[in-house]
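Undergrad: mind folding the following:
(chains A and B)
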2 protein chains.
Amino acid sequence: MEKFFSPKSVAVIGASNSSFNLGATITGILNHLKFEGSVYAVNVKGESVNGTPGYKTVLDIEDDVDLAIIIIAAKYVPEIVERCGKKGIKNLIIETAGFGEGGPEGIELQRLVDLAVKKYGMKYVGPNCLGVVHTANNFCGFFGFTPGLYDDILTTPGKISYLIQSGGVGALVMDSLKSDVTKINKLASIGNKADIDEADFLEYFKDDENTEVIGMYLENVEEGRKLLDVAKTTTKPILIFKVGRSKEGATAATSHTAGLANNDIIFDSACKQAGIIRLNAVSELHSLPKIFTEMPLLKGKKIAVVTNSGAFGGIVADILIDNKLEFPEFSKELQAKLRETGDIFNVANPVDIGPNLSKQTLMDIFKVLLTSGEVDGILPVPNVWNEIVIESIIEFVEMCKDYGKPAAIYVPNAVERIISIRKQHNIPLFESPNEAARALVVSLQQYNYQKKKEQK
Amino acid sequence: MEKFFSPKSVAVIGASNSSFNLGATITGILNHLKFEGSVYAVNVKGESVNGTPGYKTVLDIEDDVDLAIIIIAAKYVPEIVERCGKKGIKNLIIETAGFGEGGPEGIELQRLVDLAVKKYGMKYVGPNCLGVVHTANNFCGFFGFTPGLYDDILTTPGKISYLIQSGGVGALVMDSLKSDVTKINKLASIGNKADIDEADFLEYFKDDENTEVIGMYLENVEEGRKLLDVAKTTTKPILIFKVGRSKEGATAATSHTAGLANNDIIFDSACKQAGIIRLNAVSELHSLPKIFTEMPLLKGKKIAVVTNSGAFGGIVADILIDNKLEFPEFSKELQAKLRETGDIFNVANPVDIGPNLSKQTLMDIFKVLLTSGEVDGILPVPNVWNEIVIESIIEFVEMCKDYGKPAAIYVPNAVERIISIRKQHNIPLFESPNEAARALVVSLQQYNYQKKKEQK
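TA: A predicted model of the protein is given here:
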């Protein structure tokens, strides 16, 4: 698997100088990112493509090729795979569409590809996919990307690796993480996953020391047992969003990437057994990982709310209860300690600091709560109407790490402003109180699973 | 009520030149917005405040005063109210906090205020509130606002009027609508609503010809019957978010604005009877109104999905089913007509135009669907990777109005980008597929209520 993410030499088969050529966008992005391996463009004319040396066939390339990325019309793919086999290339990414999802003709092409692959002992990702990304390596095999659009995310190594069945969702995740604190380690868009599937990638990610969290978007699961067996061998958080909760959704999804519809209820209960965190919305793929990458795990249900904007105490309390978390009353002792921190409007849960904002009081409140023994985590809702609030949040994030208790922070400002503050100060802000509560829920779910595993 | 929103003369009692003076922020914002009525600053020294003429007491003001905004320490408020009465002022906004929510002392002050108010036949908004806004009049009586921060929203008259019990939520709504297509007509933050309550405002908004949609944020409802009786007399959409679904939330909310906790289940069923749309999240206060201000009502459950990013067909199908909408299969005839529009990847529901994007094909697809008789509304999910997509959306919004069927548009791009496109092109984009589906749900709910009313 390593060679899919860290190839020393890559042939992009189908990269040419004809207009709207998709392969050329791949050599283009590799040049733009200054990928350090060798790159070869393969096309009928053998012409070089934006500086990448050109060859008529892979057989003409003198050096060894670790990885071939194939992006030509589907009907030519079986022959190209055969040639790759002859050249001794063991790893392929077939990005071309029109196989299992493309009617009888496509299914026949798929059969021919599989024959050739078997003959030469090759492995492949795809077909009908966007390919893979490895940020630490400046490697992006995606077609159709405009150079520059995703530079930050493609070259900033992070802690989460994704396995995403759809290119569109892969792009959405990358686009969204541009303005978030969690960054990507590796990402694979696997399309029809006719050979290598989600379980294979999970097997790889679980032992990959640079991957702390694993995110997956799946449209169908054909070998559920295999996926779950692998999942059970790791305690890294695995977050899966799967389409097809409804019959209608399953049908729509399977027409897209050539899968069989699954029984969603069975999948759901299997996830619970294997400690897989099932996500409620596709946006949770990018919004929730920060609770794992930036915060300790939540070890119990008791959540304190701290606000400077009274209304949000009640709003968040409702949301915590909806999410089956607890919103405890504080003991008299704790309330007395909180009162000592300064001029506070309400020392019960929610703590309402009111309009008389002071950083010292805020930090004291957080410290009192984190050390009280009455609180497992905090959902602060500080309206950012003052620089002091941002400074306090930055310090508070570190405090949570020191005390081993997490916070899911929501600032009750317009989403546009939340994103801008998050980007500018690199602090893990959630975009809604629901999202913050969900982050606490999945953190606790992960903690409980790990504890269960340890006790076995 | 008119004089609360369109006063010809306003006294800001408590506006002075001392540092951090809140009243001065009100005269400041009125100056900044070029409010055309007369404004008087009232303070112990009788000094003028950023250009606003100063008086020692309202009794010294020669002209009639339509509205007094009171923002001084709570203990002085009863006396000030008395003076306002002597001066013949009939409308007060008491923004000061520390009454019903402020313990026995506050409750006694509240009693004194009510005595004075009764004596002179006055009406008041508050206490413990931010005041009111009337965009068409460049009138904003909110304290603490930084001039410039909300200029667009404060001076761009729109179609929705809000009644919001919390200043913090009012600010969040305004902040959020800065980047949305729906604009505000009037907004009142009513705090403890010790005199004028939500039902009084609803009575006014329902007959206000510039108000097409009504939004409310409530922490408690003391006179539920009164509210519902008024609601039943209008068919304008009324959207309410109420805190306190849980015991914990209700307790937290009532400590904030001095109310009694309510039985949420009773409130919920009463809303259904009165055609009130109950919102699921505070963000729906600003995200959902655009389905009413920009689109015809949804008249049935059958929703077509149109995408250029295959995965989202399945994702949205699940969400429609979750929301009890329908995702119909298309007839052979309709599929054949769709096939004629161009090179389409999938002509079933979801329609997937695939990567071969053409504006003409997209517009033809929309027209075929809107005129098919098989579809009540559309949830398009066009990935904006091309200017053509934006141009098509702009034209499609007009097409929906022409054909009398709504669309709730979600573009599967990062939220940051969605907001930026929405702002730049003024098109009603939702920020998530869930939000888009919810918009369709509330639109249908409103249609069904109106139909029921007509049949009576």
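
Undergrad: and the helices in the stretch 351-456 of chain A, which stretches?
TA: A:359-370, A:387-403, A:415-425, A:433-455 (DSSP state H, counting those that start in this stretch).

Undergrad: buried sites along the shortest one?
TA: If you call a residue buried by 16 or more other CB atoms under 10 Å in any protein chain shown, then helix A:415-425 has these buried ones: A:415-419, A:421-422. In short, each C-beta sits where N, CA and C put it, glycine included.

Undergrad: can you add distance to residue B:35 and pLDDT and give those back as CSV?
TA: Conversion of the buried residues of helix A:415-425 to CSV gives the following (distance: CB to CB, whole Å; pLDDT from 0 to 100):
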residue, distance to residue B:35, pLDDT
A:415, 30, 97
A:416, 27, 96
A:417, 26, 95
A:418, 31, 97
A:419, 33, 97
A:421, 31, 96
A:422, 36, 97
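
Undergrad: near chain B, which of those show up?
TA: Checked against chain B using CB under 8 Å from any CB of the partner chain, those give the following subset in range: A:415-417, A:419.

Undergrad: what is the burial count for residue A:371?
TA: For residue A:371, the number of neighbouring residues by other CB atoms under 10 Å in any protein chain shown comes to 12.

Undergrad: pLDDT score for it?
TA: In the predicted model, residue A:371 carries a pLDDT score of 97.

Undergrad: leaving out the residues flanking it, which one is nearest to it?
TA: Residue nearest to residue A:371 in three dimensions, not counting chain neighbours: residue A:403, with 6.7 Å by CB to CB, 6 or more residues apart in numbering or on different chains.

Undergrad: could you measure from the one you found over to residue A:378?
TA: 10 Å (CB to CB, to the nearest Å).

Undergrad: when those two are compared, which one has more neighbours?
TA: residue A:378 (25 against 14).

Undergrad: report the beta-bridge partner residues of the more buried one.
TA: Under DSSP bridges, the beta-bridge partners of residue A:378 are residue A:304, residue A:407.

Undergrad: and residue A:306, helix, strand or coil?
TA: strand (DSSP: H, G, I helix; E, B strand; the rest coil).

Undergrad: what residues does the stretch 51-200 of chain A put near chain B?
TA: Taking CB under 8 Å from any CB as the test, the list of the stretch 51-200 of chain A residues beside chain B reads A:165-169, A:171-172, A:175-176, A:178-179.

Undergrad: CSV for those residues, including secondary structure, pLDDT and neighbour count?
TA: What follows is these, written out as CSV (DSSP: H, G, I helix; E, B strand; the rest coil; pLDDT from 0 to 100; neighbours: other CB atoms under 10 Å in any protein chain shown):
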residue, secondary structure, pLDDT, neighbour count
A:165, coil, 91, 29
A:166, coil, 88, 28
A:167, helix, 87, 24
A:168, helix, 90, 24
A:169, helix, 94, 27
A:171, helix, 91, 24
A:172, helix, 94, 26
A:175, helix, 94, 20
A:176, helix, 96, 23
A:178, coil, 94, 19
A:179, coil, 95, 19
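
Undergrad: what's the most distant pair in the residues you listed?
TA: Across these, the two members that end up farthest from each other (CB to CB) are A:165 and A:179, 24.1 Å apart.

Undergrad: burial count for residue A:277?
TA: A total of 23 residues lie near residue A:277 under the criterion other CB under 10 Å.

Undergrad: thought it was touching residue A:240?
TA: Yes: distance between residue A:277 and residue A:240: 7.0 Å, which falls inside the contact criterion (CB atoms under 8 Å).

Undergrad: shared neighbours of these two, anything?
TA: residue A:271 (CB atoms under 8 Å, 6 or more residues apart in numbering or on different chains).

Undergrad: give me the distance from the lowest-mean-pLDDT helix or strand in chain A to the chain's centre.
TA: With mean pLDDT, DSSP states H and E as the measure, the helix or strand of chain A carrying the lowest mean pLDDT is helix A:247-257 (a mean of 77). Centroid displacement of helix A:247-257 relative to its chain, using CA atoms, centre = their mean, to the nearest Å, is 22 Å.

Undergrad: packing partners of it?
TA: The contact analysis (3 or more CB pairs under 8 Å, 6 or more residues apart in numbering or on different chains; DSSP states H and E) places helix A:247-257 against helix B:311-322.

Undergrad: briefly note if the helix or strand following the helix it packs on comes near chain A.
TA: For helix B:311-322, the following helix or strand on the C-terminal side (DSSP states H and E) is helix B:332-340. No: counting by CB under 8 Å from any CB, chain A has no neighbours in helix B:332-340; the shortest distance is 13.0 Å.

Undergrad: interface residues of the stretch 201-350 of chain A facing chain B?
TA: Contacts of the stretch 201-350 of chain A with chain B, taken as CB under 8 Å from any CB, map to A:217, A:219, A:243-257, A:281-283, A:305, A:309-315, A:317-318, A:320-322, A:327, A:346, A:348-350.

Undergrad: what subset of those is buried?
TA: Listed as buried from these are A:217, A:219, A:243-246, A:248-257, A:281-283, A:305, A:309-315, A:317-318, A:320-321, A:327, A:346, A:349-350; burial here means 16+ other CB under 10 Å.

Undergrad: now name the helix or strand holding residue A:211.
TA: Using DSSP H and E, residue A:211 falls within no helix or strand.

Undergrad: now do the contacts for it.
TA: A:159-161, A:185-186, A:205, A:236.

Undergrad: now do residue A:188
TA: Contacts of residue A:188 by CB under 8 Å, 6+ apart are A:4, A:125, A:131-133, A:162-164, A:201.

Undergrad: what do you get if the cut-off is 6 Å, keeping everything else the same?
TA: Contacts for residue A:188 (CB atoms under 6 Å, 6 or more residues apart in numbering or on different chains) come out as A:132, A:163, A:201.

Undergrad: just those residues: which are in helices?
TA: residue A:201 (DSSP state H).

Undergrad: now what about stretch A:215-235, what contacts it?
TA: Contacts made with stretch A:215-235 from outside it, assessed by CB under 6 Å, 6+ apart, are listed as A:160, A:162-165, A:169, A:198-199, A:202-203, A:206, A:238-243, A:253-254, A:257, A:259-260, A:262, A:270, A:274, A:276, A:285, A:450, A:453.

Undergrad: ignore what I typed, I meant stretch A:425-442.
TA: Identification of contacts with stretch A:425-442 by CB under 6 Å, 6+ apart yields A:181, A:277, A:287-288, A:290-291, A:294, A:298, A:316, A:319-320, A:323, A:377, A:379, A:390, A:393-394, A:397, A:408-411, A:415, A:418, A:422, B:283.

Undergrad: out of these, which are buried?
TA: Among the contacts of stretch A:425-442, those classed as buried by 16+ other CB under 10 Å are A:181, A:277, A:287-288, A:290-291, A:294, A:298, A:316, A:319-320, A:323, A:377, A:379, A:390, A:393, A:397, A:408-411, A:415, A:418, A:422, B:283.

Undergrad: what score does residue A:265 have for pLDDT?
TA: The confidence metric pLDDT takes the value 83 at residue A:265.

Undergrad: mind checking which helix or strand it is in?
TA: Per DSSP H and E, residue A:265 falls inside helix A:264-274.

Undergrad: what's the following helix or strand after that helix?
TA: For helix A:264-274, the succeeding helix or strand toward the C-terminus, using DSSP H and E, is strand A:277-278.

Undergrad: any idea of the mean pLDDT in that next one?
TA: Averaging pLDDT along strand A:277-278 gives 96.
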